[in-house]
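# This is a predicted model, with the sequence first.
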Amino acid sequence: MSYYKINNLEQYFKHYNKSIREPRKFWGKIAEENFIWYQGWDKVVDFNMGEADVKWFTNAKVNITKNCIDRHLAKRGDKTAIIFEPNNPDEAALHISYNELYARVAKMANVLREQGIKKGDRICIYLPMIPELAISVLACARIGAIHSVVFAGFSESAVASRINDSSCKMVITSDGAYRGSKSIDLKGIIDEALTKCPTVEKVLVVKRTNTAVTMKEGRDQWIQPLLDAAIPNNVAEIMDAEDPLFILYTSGSTGKPKGMLHTTAGYMVQTAYTFKNIFNYEENDIFWCTADIGWITGHSYILYGPLLNGATTVIFEGVPTYPDFGRFWEVIDKHKVTQFYTAPTAIRSLAKESTDWVSKYDLSSLKVIGSVGEPINEEAWHWYNDQVGKKKCPIVDTWWQTETGSIMISPVPFVTPTKPTYATLPLPGIQPVLMDELRNEIEGNQVVGSLCIKFPWPSMARTIWGDHERYKETYFSAFPGKYFTGDGALRDEVGYYRITGRVDDVVIVSGHNLGTAPIEDAINEHPAVAESAIVGFPHDIKGNALYGFIILKETGEYRDRDNLIKEINEHISSHIGPIAKLDKIQFVDGLPKTRSGKIMRRILRKIAEGDFSNFGDTTTLLNPEIVDEIKDNRV
């Protein structure tokens, strides 16, 4: 049987059972049959989970860009690798073939080498979603430099802390960025950040907005003249399987950001395998993931996963609401997108608008639609299924993390029957378990516990850059011998998994453990509610009580707020039980979110408690201004 493509449910179970019984043989066969290696491996996997020490394909030699680009040139050289869709719909889209991508990456790799960059050096990439971002990432991988992409929207202090943590030698940035109707001064942000970054020697600047910038002599150079002088071919660096590929910082929702370190071969094998299966990719499909390459979703499913499969991938510079609420659907229609992968946050915000924005475009090219970043609530799932997928496209509700590197639990389209709000079944090679508070594995179905993974997988992060003890403590100490995801989950009667939220998003009210996710789902089903977030706050009698932050669909529609509060609590009582009713409800215009769409519950908890100190660096949020607005209107 083919180990690479899962075609039906029987085959899924065959693959899955094989992967659990013989994980080394399973991953070894996938790696051997689907990639180009300079040298094979001694061992498929070598690990000590207690020490958080994991190695895959030990002593194998490989370069990920040879597998992303070079090997496709003979058969797919003229095929489009990247479609660049600019922020402004009046600006022409750009189609970059695999031949062109090879030449552009080779030139960029040669420029980096000429600038003194060597294997193992760290490069901070602070660019908007333009082709140069993808090309810079691939050029780093080409020569063995470690890329650290920082989302081009983070503040100078957030950028500086990431540059300093990994001692970056170079920064690649642009004069500015377009984001909807705004223009952002990226070079100015970098200039300010670098006043605190002694390790940076060179800054290469892409021209995008043509705005005036200050260039520091001896440090800053425009990138285009250097590329013009570079030759369009390059010999890829031979990398060890466990050589670092990239550092990617988590959003830092709890204190100092963690620089997750991913290595080369295991990440390559699993991102390619998951992309192929979870998106049912076939030759000539057009894949679009709306994330930013500044997040793990963009690394794995805009760049590496698609290119490893010889796919055509869309890079979108803009936002879903510019120039209007139909932009996503217009782009799908324009480029005949076949797979569409976005965040529940985006789905919910667009679901608030008239369905006319969707229905005016032809979405018949779509065959798979997906969600990423957080569990998708039932109301959003049905809207997405009905309005976008037209009830014919399976929804892949994917669960994974920056730390896992690739998707872990997800439906396989046309194979796994979907169920709203459920990530369904683990992918082959993934061994999830639910643990109780006594650290015992919970057997059987219809159970709830802490979600752990009990056997290593190829794309897992190997450490936190510069702090292995923190990595061990964070992920491997709570349940010894297992990776603790930090999430709670339930397993239903057929073995499907539903992520119930972060374990620290469980509030004990009058002795009852209440997960916030099911309460939020119940609230969001109320016809007046667009989105909600629930946190606990101290209560003299109950120990903790529940505080709800709720966004309404139409602010003017429900003028009687007292009556609406009563309705919402009655709704919760009928769906969950009276114990889950909210003691306080605050109607808000927005929720503090990371750029990847996660709600910063830590901030909401502090506001609910009346503690307005030390919110952390709120400039990294998607909407930092909302924090003061919520704080000022606390009930």
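Yep, it's here.
# can we go C-alpha only for contacts and neighbour counts from here?
Noted.
# right, and the helix or strand after the helix or strand of the chain with the lowest mean pLDDT?
When each helix and strand of the chain is scored by mean pLDDT, DSSP states H and E, strand 512-515 comes last, with a mean of 64. Using DSSP states H and E, the helix or strand that follows strand 512-515 in sequence is helix 516-524.
# can you list contacts of that next one?
377-379, 500-501, 505-507, 529-535, 568, 571-572, 575-576, 580 (C-alpha atoms under 8 Å, 6 or more residues apart in numbering).
# Could you pull out the buried residues of the lengthiest helix in the chain?
As assigned by DSSP state H, the longest helix anywhere in the chain is helix 98-114. In terms of neighbour count (16 or more other C-alpha atoms under 10 Å), helix 98-114 has its buried residues at 98-113.
# Going by neighbour count, list what's buried in the helix or strand containing L564.
Element membership for L564, per DSSP H and E: helix 561-575. Of the residues in helix 561-575, 564-565, 568-573 count as buried by neighbour count, 16+ other C-alpha under 10 Å.
# With stretch 460-470 instead?
460-465.
# Just the C-alphas of that stretch, formatted as CSV.
What follows is stretch 460-470 as a C-alpha-only set of coordinates in CSV (Å, rounded to 0.1, in the frame of the first residue of the first chain):
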residue,chain,number,x,y,z
MET,A,460,8.1,18.4,16.9
ALA,A,461,10.2,21.3,18.2
ARG,A,462,13.5,20.1,19.7
THR,A,463,14.0,22.8,22.3
ILE,A,464,13.4,26.4,23.3
TRP,A,465,16.3,28.4,21.8
GLY,A,466,18.9,28.9,24.6
ASP,A,467,16.7,27.4,27.3
HIS,A,468,16.3,23.6,27.2
GLU,A,469,15.3,23.5,30.9
ARG,A,470,12.3,25.8,30.2
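# State the mean pLDDT of that stretch.
Average pLDDT, stretch 460-470: 96.
# Let's see the helix holding L564 as CSV, backbone CA atoms only.
Extracted in CSV, the C-alpha atoms of helix 561-575 (Å, rounded to 0.1, in the frame of the first residue of the first chain):
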residue,chain,number,x,y,z
ARG,A,561,-29.1,45.3,27.9
ASP,A,562,-30.6,43.9,31.2
ASN,A,563,-33.0,41.8,29.2
LEU,A,564,-30.2,40.6,27.0
ILE,A,565,-28.0,39.6,29.9
LYS,A,566,-31.0,37.6,31.3
GLU,A,567,-31.5,35.9,28.0
ILE,A,568,-27.9,34.9,27.7
ASN,A,569,-27.8,33.4,31.1
GLU,A,570,-31.0,31.5,30.4
HIS,A,571,-29.4,30.2,27.2
ILE,A,572,-26.4,29.0,29.2
SER,A,573,-28.6,27.4,31.8
SER,A,574,-30.6,25.4,29.2
HIS,A,575,-27.4,24.3,27.4
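# Who are the packing partners of it?
helix 516-524 (3 or more C-alpha pairs under 8 Å, 6 or more residues apart in numbering; DSSP states H and E).
# I'd say Y384 and S349 touch.
No - with contact defined as C-alpha atoms under 8 Å, Y384 and S349 do not form a contacting pair (11.5 Å).
# Between those two, which is the more surrounded one?
Y384 (24 against 16; other C-alpha atoms under 10 Å).
# ok now do the more buried one, which residues does it touch?
Neighbours of Y384 in contact, by C-alpha under 8 Å, 6+ apart: I347.
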